[in-house]
Each structure stands twice: as structure tokens, then as C-alpha cells.
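**Q** Following is a predicted model, sequence given first.
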Amino acid sequence: AADALVFLMRKYNESEIINVGTGNDLTISQLANMVKTAINFKGKIKWDTTKPDGIPRKLLDVTKLHKLGWRPKTSLEQGIKNEYEWYLQNYDNR
């Protein structure tokens, strides 16, 4: 996301809103499993089915961003892994 924001600051000077994202649909379950894999969590994810899951679709339209020429350089899965590795290396070093 930071890369997209820098791209827009350099290339876009309009007032129209631009959504930032990958354009790929992802369920909360898929996201949770990506995090589980990235951190090597061996436990079970439990879902509270008594709670609403929010809006049915959580996908932003990134057509405008793509027309400007921006595409993500890192997949969400790799980004989660990278951030977790950074966290492990830097958390105790504060």
C-alpha cells in the first residue's frame, strides 16, 4: 500500500478518489489462514458464528489505479510473511 501511495503522490494530481488494493477478492478465512501459515501457527482458528461477518464483499475497485500503471510488487501472502519476519527481528530491539 505504501508503494501505491508514493506512486499516486508522484503521478496523480486530481481530486477523484483512487482505491488502493490488489483487485483480488479474499475472504476473512483465507486471510486468517495466510497469517496462520506465515507465523507457523499450529492451533485451530475458531470462528464466533454468533457475530455478523460484515459486508458481503470486501473488494475495492482498483481499475483507476491500474489504468494509471500501478500494480502490486508483493503478493499479500508474501507481504504478511515479510512483515512477520521484520517483527521477529525488530520487536525485542526497541
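**A** Great, that's in hand. Predicted model only: the values in this text are computed from it and were never measured.
**Q** does the residue lying closest to L5 once chain neighbours are set aside count as helix, strand or coil?
**A** Distances taken as Cβ to Cβ, 6 or more residues apart in numbering place V20 nearest to L5, at 6.7 Å, with adjacent residues excluded. Bear in mind the C-beta positions are built from the backbone N, C-alpha and C, glycine included. Reducing the assignment at V20 to three states with DSSP: H, G, I helix; E, B strand; the rest coil gives coil.
**Q** hang on, isn't V20 packed against V62?
**A** Yes - using Cβ atoms under 8 Å, V20 makes contact with V62 at a distance of 7.1 Å.
**Q** So these two - more neighbours on which side?
**A** Applying other Cβ atoms under 10 Å to V20 and V62 shows that V62 carries more neighbours, namely 20 against 16.
**Q** Now do the longest helix along the chain: everything it contacts.
**A** Taking DSSP state H as the criterion, the chain has its longest helix at helix 76-90. Identification of contacts with helix 76-90 by Cβ atoms under 8 Å, 6 or more residues apart in numbering yields 22, 24, 26, 31, 34-35, 37-39, 74.
**Q** Quick one: low-confidence residue ranges for the chain.
**A** Applying pLDDT under 70 to the chain picks out residues 54-57, 93-94.
**Q** got the buried residues for the longest helix of the chain?
**A** Neighbour-count burial for helix 76-90 flags 77, 79-81 (criterion: 16 or more other Cβ atoms under 10 Å).
**Q** centre of the chain versus that helix, how much separation?
**A** 12 Å (Cα atoms, centre = their mean, to the nearest Å).
**Q** what does stretch 87-94 give?
**A** 22 Å.
**Q** before we move on, the earlier item: kindly indicate which of the buried residues of helix 76-90 lies nearest G43.
**A** Nearest to G43 among the buried residues of helix 76-90 is I80, at 17.2 Å by Cβ to Cβ.
**Q** what residue is smack in the middle of the protein?
**A** L76 (5.3 Å; Cα atoms, centre = their mean).
**Q** thinking again about what came up before, quick check: the gap between the residue nearest to L5 and R71.
**A** 12 Å (Cβ to Cβ, to the nearest Å).
**Q** Thank you, goodbye.
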